[in-house]
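S.K.: no sequence for this one, just the structure:
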């Protein structure tokens, strides 16, 4: 093979490889995707430039407005009433209304002596009332034990155990 024929063969091969000629059928041919102008369009958001944002300005022009049914209107009215009640009765955050004096110190600490004195007096009175209620029970138990003991002694002498 000569140099001329080798060169012709290389040129022919490069033409075949770079051309649109393929061995597949026309419906199997994959179309080349071209870069869209919208993807290369520059959009500024603040000071930054952003590429590739797709804009559709006609989005709201052809849209059909929805109409609200009767059931939905009733629910909307009830929701509005409910929201008004919530807004009027909602007291808001408690922490926003407090002053630093309210949460910095405990005012009960100032009256600790008075509180402990009241607790001790109430405890003493409760113990006295319980003792007064238990006194007749204790007396009756003592009398009952002494009577039982004296009857046991009499029974032992009668039977002759003593």
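M.R.: All right, it came through fine. Quantities reported herein were computed from a predicted structural model and do not represent experimental measurements. Residues are numbered from 1 along each chain as shown.

S.K.: What is the longest helix of this structure by residue count?
M.R.: Counting by DSSP state H, the longest helix found in the chain is helix 112-159.

S.K.: what's the average pLDDT for it?
M.R.: Mean pLDDT, helix 112-159: 92.

S.K.: Residue 44 belongs to a strand?
M.R.: Yes. Assigned with DSSP: H, G, I helix; E, B strand; the rest coil, residue 44 falls within a strand.

S.K.: burial of it, as a residue count?
M.R.: Using other C-beta atoms under 10 Å, residue 44 is surrounded by 8 other residues. (C-beta placed from N, C-alpha, C; glycine too.)

S.K.: number of nearby residues for the nearest residue to it once chain neighbours are set aside?
M.R.: The shortest distance from residue 44 to any residue other than its chain neighbours is 7.4 Å, reached at residue 50 (C-beta to C-beta, 6 or more residues apart in numbering). As a burial measure, residue 50 scores 11 neighbours (other C-beta under 10 Å).

S.K.: So in that sheet, which strands flank the helix or strand hosting residue 50, and in what orientation?
M.R.: Using DSSP states H and E, the element containing residue 50 is strand 48-51. Applying DSSP bridges, strand 48-51 is found paired with strand 42-45 (antiparallel).

S.K.: Quick one: mean pLDDT over the strand it pairs with.
M.R.: Strand 42-45 comes out at a mean pLDDT of 72.

S.K.: cool, and stretch 7-19?
M.R.: 67.

S.K.: What is the burial count for residue 15?
M.R.: Quick note: residue 15 (other C-beta under 10 Å) scores 10 neighbours.

S.K.: can you confirm it is in a strand?
M.R.: No. Applying three-state DSSP, one finds residue 15 to be helix, outside a strand.

S.K.: which residues does it contact?
M.R.: Contacts for residue 15 (C-beta atoms under 8 Å, 6 or more residues apart in numbering) come out as none.
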